[in-house]
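K.L.:
Okay, predicted coordinates and the sequence, questions at the end:
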Amino acid sequence: MSLCTIGQNNLAFSALFTTAKGAKQLPALSKDGHAIIWQPEDFVEAPFEPSAFNDPDANRVTICVSPSKSMCENITILDEWCIDNLTNDTTCLVGIQLSPTQVRERYVSCLKTSEDKGYATLRMKMNRSGKYALQCYNSDNERRVHPDTWKGAKVQPRIAFKGLWIMGEDFGAMMECTHAMVQEGGDESECLF
């Protein structure tokens, strides 16, 4: 499978489980048991700083990028795969029986489109530090620290599709940015005068 696309023909859900903190998750793996990794070819911009709801010092945060057309197409295909599989057997997958209409209404995409503002964002999780911290690289494929400012940085993310999160009546794809090639915003050689 090419890392530039999400090969939905090779995806499968595992058994529903509840984390130690009480969150329900439905893991996804490839049919041969491997993690599902996607690395789009495009560099995309981070429109604002990574953050966690009401916690400025959080380690696990949401990072958003302005996705390319091909990234939007891949996420749309993944969303439809998730909805189709949930529709086929919601009792087994999320623990309750839902109609196809209910599945579609409750599914929350990681691709957010703002009609009134005219842009889309792809939302992913990332860890700022620790064992599972996002690993950043420069254009020479050398490790580097996270940028001081993500807003305006160009990012080529490597994304893990971990499965579905389930919270209350809603569920959606868990996407995590595990690695990224980063080009910080602005041209340092540009004359400012």
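P.N.:
Everything's here; your move. Numbers count the residues shown, from 1 in each chain.

K.L.:
Could you verify my assumption that Gln97 touches Thr90?
P.N.:
Yes. Counting by Cβ atoms under 8 Å, Thr90 is a contact partner of Gln97 at 5.8 Å. To be clear about C-beta, it is placed using only N, CA and C from the backbone, and glycine gets the same treatment.

K.L.:
Of these two, which one has the most company?
P.N.:
Neighbours were counted for Gln97 and for Thr90 using other Cβ atoms under 10 Å; Thr90 has more, 19 against 10.

K.L.:
Now do the same contact list for that one.
P.N.:
By Cβ atoms under 8 Å, 6 or more residues apart in numbering, the contact list for Thr90 reads Ile96, Gln97, Leu98, Val103.

K.L.:
Let me know the secondary structure of the last one.
P.N.:
Read that as Val103. Secondary structure, DSSP: H, G, I helix; E, B strand; the rest coil: Val103 is helix.

K.L.:
Hmm, Glu80 and it touching each other?
P.N.:
No. Taking Cβ under 8 Å as the definition, Val103 is not a contact partner of Glu80, at 11.3 Å.

K.L.:
Those two - which one has more neighbours?
P.N.:
A side-by-side neighbour count of Val103 and Glu80, using other Cβ under 10 Å, places Val103 first with 20 against 13.

K.L.:
Distance-wise, check that one relative to Thr87.
P.N.:
As judged by Cβ to Cβ, to the nearest Å, Val103 and Thr87 stand 5 Å apart.

K.L.:
Then Gln102?
P.N.:
Counting by Cβ to Cβ, the gap from Gln102 to Thr87 is 9 Å.

K.L.:
Which residue ranges of this structure form helices?
P.N.:
All helices of the chain, identified by DSSP state H, fall at 69-88, 90-94, 100-106.

K.L.:
Tell me the confidence at Leu134?
P.N.:
We note a pLDDT of 97 for Leu134 in this prediction.

K.L.:
Quick check: phi and psi on it?
P.N.:
In terms of degrees, to the nearest 10, the main-chain angles of Leu134 are phi -60, psi 130.

K.L.:
Of the contacts of Thr90, which is the nearest to Ala12?
P.N.:
Nearest to Ala12, judged by Cβ to Cβ, of the contacts of Thr90 is Val103 at 17.7 Å.
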